[in-house]
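**Student:** 3D model of this:
(chains A and B)
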Amino acid sequence: MRRLPALFPNHKATVFPLKTSHPLAARRCKEVGSHWKAALFRLLESCDMDEARRLFTRIPSPSVQLYTMMIVGYSRTNRIDEAFRLFDGMPVRDTAAWNSMIKAALDCGDVSLGRKLFDEMPERNVISWTTMINGLSRFGWIDAAEELFFRMPQRDTAAWNAMISAYCDNGRVKDARLLFEKTPQPNVISWTAMIGGHDQNGESDKALLLFHKLWSSGTKLTPSTYACVLTACANASELGLGTQLHSHTVRTGYSSDTFVSTSLVNLYAKCKQIEDSIQLFSERKERDVVSWTALITGYGLNDKHEDALDEFNKMIASGIRPNQSTFTSALNSCCGLEALDGGKKLHATTVKLGLELDVFVGNSLVVMYSKCGDVEDGLMLFDSMDRRNLVSWNSIIVGCAQNGYATLALKLFDDMRQINVQPDEITYTGLLTACSHSRMLERGRHIFHLLKHDSSVQVKLEHYVCMVDILGRCGNLEEAEEFIRNMPVEPNSKIWLALLGACRMHANIEVARRASKKVFDMEPDNSAAYVLLSNIYASAGRWNDVSQTRVMMRYRGITKVPGSSWITLKETRHEFVCGDRSHPMAMEIYKKLDWLGVKLKELGYVCDKTFALHDVDDEQKEAALAHHSEKLAIAFGLISTVEGSTIRVMKNLRVCGDCHSAIKVISQVVGRRIVLRDATRFHHFRDGLCSCGDCW
DNA sequence: ATAGGGTTAG
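**Tutor:** Next comes the predicted model:
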């Protein structure tokens, strides 16, 4: 039998026999100290603060350095109070300890404590100043940061870099540039900060110009620089340069760096080379949240929303915790699929992970609910948010506008201005859309007036389109034309198309001729314009002009986009085209339609045949109106969902007029709410009425 | 391995 070795064979010999006066004592103590230090470091590394504290209390008279390590550990785990208690009880403090405590305060969100410590500390060094500048900048206190920078007694390159980044992070790229040009000895970090700063402020092309300068200077690049530049390539869609840099990173061995690799996944995804993204992601050694989110976003950008959600589930299954950004992307893909059920599941998951209070998650949920036709839940969510930003307000205003809640959209606008949230272009587009969908002429004029006099917002073409739409829908066709003539910018085809749409509503052939000619000049392949023009002629009984339009279409090789409608149930999309019999439940669907036909007749509903006879739409000619895609999808919804529940159907084109009337009656017959999202807006059918008030 | 500057997704 063998004796087990003693656990601490040299225990007695090492620790105690030397007196402190012995020349070896100092060295021994240092060794003992480094022993404590190594053990403490291991615990701090694994963020086990309770265990670290237990160890720390056993250390006889810990050094300033050990105290400081503990403070940093508490700060990393967000335990600012404990950090401060420890700092407060320190027998002596050096500048590093003060600096660590300042950083701890700033990192944990207590700026005033950070500022107080900074003002009180006996000796500040360049690191103290730089830490404060960085902290103040993160809270948006850029003026305070600037003041410190110009007051500090000496500045090294790190200090200049901190101020450059502070300007960039607060949107002041011009000031960053001025400072960069004054920096005595800029290094690769200064350049990287400038490149990243320009890119993040929407100036990716300038970022790339800076990179060319850096490149030609022959400076050795770091992985951070590559990560920044590759992101700028992604945002500027510079696939060529990006690919070249990719090969450089392979040669320098940087391509396996986690930041660089994520930037590459992002680059190829944004440049619509999703296969390359997938390949690069699969080659990664470690898959973290960020790279996985980049891939999920990439699928979404490439219209592969099912794959995006699959990838999201794979990520969860592999034990990686999604964060707010992951949810933003996944929820966006739910919008792409109009998958309300999937979106609700994600909502539940955000609650489980404690992320539902995050403002980005909240915004994404508001958009998801309203884009999936459930604006009521979108509103509920918006009301429950405890923090809101401009995007939150825009999301709910646009959501209301698209769903026909114009008055509510305008009320929300008043609310946001009440609490001094400055609207932007998107806010105004939402409001104008709301007015146009509800034919609110005077409110629309008022909003446009506010927009024109809002110095912090630029009037964009889309605003003019909305205004033409409002004027046109309300029957002021001549005024709309006059409005277009007086626009300070060149009108585009969308403007004329809006006018043409109005001509159809108000059967105005003269204006329609002029408007359609403009559209055909600018966009000869726009099939919607031909269909509109043909319908305008048809409604006036001008059959020669109708057939002439059709000939012109055929001659120019223009084919109409086929109409299709779909419904998403249990995350499966069921899509129908007119007269479709390919669905496994086709028999039941047509039986339901026949039954509905009988019921509709009993209620005296007469089908409006003009939509069948005069439309250029081939699908409408081929099959009876009763078998339009939207009706098929609704019939399928009726037989596949619980009695009384809301049915949500989407259509790629505008809903046909006959279907619109029929669906109103159907909602009454079956006692259900039917939400139909067509190419331009949502229709909420209920008790025989539609939320659009029949003007769409 | 006591303290400061640039890096990836949204």
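**Student:** okay, now the domains of chain A?
**Tutor:** Here the domain parsing of chain A from automatic domain parsing is A:460-555, A:580-690.
**Student:** out of everything not next to it in sequence, what's closest to the closest residue to DNA strand B within the stretch 351-500 of chain A?
**Tutor:** Closest residue of the stretch 351-500 of chain A to DNA strand B, C-beta to the nearest atom of the strand: A:Phe360 (6.8 Å). All C-beta atoms are positioned from the backbone trio N, CA, C, and that covers glycine. Leaving aside its sequence neighbours, A:Phe360 sits nearest to A:Gln324 (C-beta to C-beta, 6 or more residues apart in numbering; 4.8 Å).
**Student:** Repeat that for A:Tyr428.
**Tutor:** Leaving aside its chain neighbours, A:Tyr428 sits nearest to A:Leu451 (4.6 Å; criterion: C-beta to C-beta, 6+ apart).
**Student:** so where is chain A shaky, pLDDT-wise?
**Tutor:** Within chain A, the segments meeting pLDDT under 70 span A:1-33, A:607-625, A:695-696.
**Student:** The same query, at a cut-off of 50, please.
**Tutor:** Within chain A, the segments meeting pLDDT under 50 span A:1-31, A:612-616, A:618-622.
**Student:** before we move on, the earlier item: would you confirm that the residue nearest to A:Tyr428 belongs to a helix?
**Tutor:** Yes. Using DSSP: H, G, I helix; E, B strand; the rest coil, the assignment for A:Leu451 is a helix.
**Student:** What residues does it make contact with?
**Tutor:** Applying C-beta atoms under 8 Å, 6 or more residues apart in numbering to A:Leu451 gives the contacts A:Tyr428, A:Leu432, A:Val457, A:Val459, A:His463.
**Student:** cool, A:Thr326 as well?
**Tutor:** A:Val289, A:Trp292, A:Thr293, A:Ile296, A:Phe312, A:Met315.
**Student:** What is the most widely separated pair among those residues?
**Tutor:** A:Val289 and A:Phe312 (11.3 Å; C-beta to C-beta).
**Student:** The closest residue to A:Cys400 other than its chain neighbours: which element?
**Tutor:** Closest residue in space to A:Cys400, ignoring its immediate chain neighbours: A:Ala409 at 4.0 Å, by C-beta to C-beta, 6+ apart. Applying DSSP states H and E as the criterion places A:Ala409 in helix A:406-418.
**Student:** Report the buried residues of that helix.
**Tutor:** Residues of helix A:406-418 classed as buried under the neighbour-count rule (16 or more other C-beta atoms under 10 Å) are A:Ala406, A:Leu408, A:Ala409, A:Leu410, A:Leu412, A:Phe413, A:Met416.
**Student:** okay but the fourth one is in contact with A:His446, surely?
**Tutor:** No. Using C-beta atoms under 8 Å, A:Leu410 makes no contact with A:His446, being 9.3 Å away.
**Student:** Could you measure from the closest residue to A:Asn323 other than its chain neighbours over to A:Ala234?
**Tutor:** Using C-beta to C-beta, 6+ apart and skipping residues adjacent in sequence, the residue nearest A:Asn323 is A:Val289, 5.5 Å away. Applying C-beta to C-beta, to the nearest Å, the value for A:Val289 to A:Ala234 is 19 Å.
**Student:** same check, this time on A:Ile278
**Tutor:** With the distance defined as C-beta to C-beta, A:Ile278 ends up 16 Å from A:Ala234.
**Student:** In terms of neighbours, single out the busier of those two.
**Tutor:** A:Ala234 (23 against 19; other C-beta atoms under 10 Å).
**Student:** For that one, which residues are in contact?
**Tutor:** A:Gly242, A:Ser263, A:Asn266, A:Leu267, A:Ala269, A:Lys270, A:Cys271.
**Student:** For the fifth one, which residues are in contact?
**Tutor:** Looking back up the chat, that one is A:Ala269. Per C-beta under 8 Å, 6+ apart, neighbours of A:Ala269: A:Ala234, A:Ser277, A:Ala294, A:Leu295, A:Thr297, A:Gly298, A:Tyr299, A:Leu301, A:Asn302.
**Student:** count of residues packed around A:Pro184?
**Tutor:** 8.
**Student:** A:Val489: neighbour count?
**Tutor:** A:Val489 sits with 10 neighbouring residues when counted by other C-beta under 10 Å.
**Student:** so is A:Val459 in a helix, a strand, or just coil?
**Tutor:** coil.
**Student:** Now A:His75: closest residue in space, sequence neighbours ignored.
**Tutor:** No, residue A:75 isn't His; it's Ser. Using C-beta to C-beta, 6+ apart, the closest residue to A:Ser75 is A:Ala104 (3.3 Å).
**Student:** Quick one: residues contacting that neighbour.
**Tutor:** So A:Ala104 contacts A:Ile71, A:Val72, A:Tyr74, A:Ser75, A:Ile80, A:Ala83, A:Phe84 (C-beta under 8 Å, 6+ apart).
**Student:** Confirm that it sits in a helix.
**Tutor:** Yes. Counting by three-state DSSP, A:Ala104 is part of a helix.
**Student:** Let me know the distance separating it from DNA strand B.
**Tutor:** Remark: distance between A:Ala104 and DNA strand B (C-beta to the nearest atom of the strand, to the nearest Å) = 9 Å.
**Student:** Quick check: that residue vs A:Arg79, distance?
**Tutor:** For A:Ala104, the distance to A:Arg79 - C-beta to C-beta - is 9 Å.
**Student:** before we move on, what about A:Glu643?
**Tutor:** For A:Glu643, the distance to A:Arg79 - C-beta to C-beta - is 54 Å.
**Student:** okay, now the closest residue to A:Asn389 other than its chain neighbours: neighbour count?
**Tutor:** Leaving out its chain neighbours, the residue that sits closest to A:Asn389 by C-beta to C-beta, 6+ apart is A:Val359, at 5.8 Å. Using other C-beta under 10 Å, A:Val359 is surrounded by 15 other residues.
**Student:** Centroid-nearest residue for chain A?
**Tutor:** Nearest to the mean C-alpha position of chain A, by C-alpha atoms, centre = their mean, lies A:Thr328 at 5.9 Å.
**Student:** Can you tell me the element that residue falls in?
**Tutor:** helix A:324-337.
**Student:** Dump that helix to PDB, keeping only the CA atoms.
**Tutor:** Written as PDB, here are the backbone C-alpha positions of helix A:324-337 (Å, rounded to 0.1, in the frame of the first residue of the first chain):
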ATOM      1  CA  GLN A 324     -31.900  42.600 -27.300                       C
ATOM      2  CA  SER A 325     -30.200  42.800 -30.700                       C
ATOM      3  CA  THR A 326     -31.000  39.100 -31.500                       C
ATOM      4  CA  PHE A 327     -34.600  39.800 -30.700                       C
ATOM      5  CA  THR A 328     -34.700  42.800 -32.900                       C
ATOM      6  CA  SER A 329     -33.600  40.700 -35.800                       C
ATOM      7  CA  ALA A 330     -35.800  37.800 -35.100                       C
ATOM      8  CA  LEU A 331     -38.800  40.000 -34.600                       C
ATOM      9  CA  ASN A 332     -38.100  41.700 -37.800                       C
ATOM     10  CA  SER A 333     -38.200  38.400 -39.600                       C
ATOM     11  CA  CYS A 334     -41.500  37.700 -38.000                       C
ATOM     12  CA  CYS A 335     -42.700  40.900 -39.700                       C
ATOM     13  CA  GLY A 336     -41.300  39.600 -43.000                       C
ATOM     14  CA  LEU A 337     -43.400  36.500 -42.600                       C
END
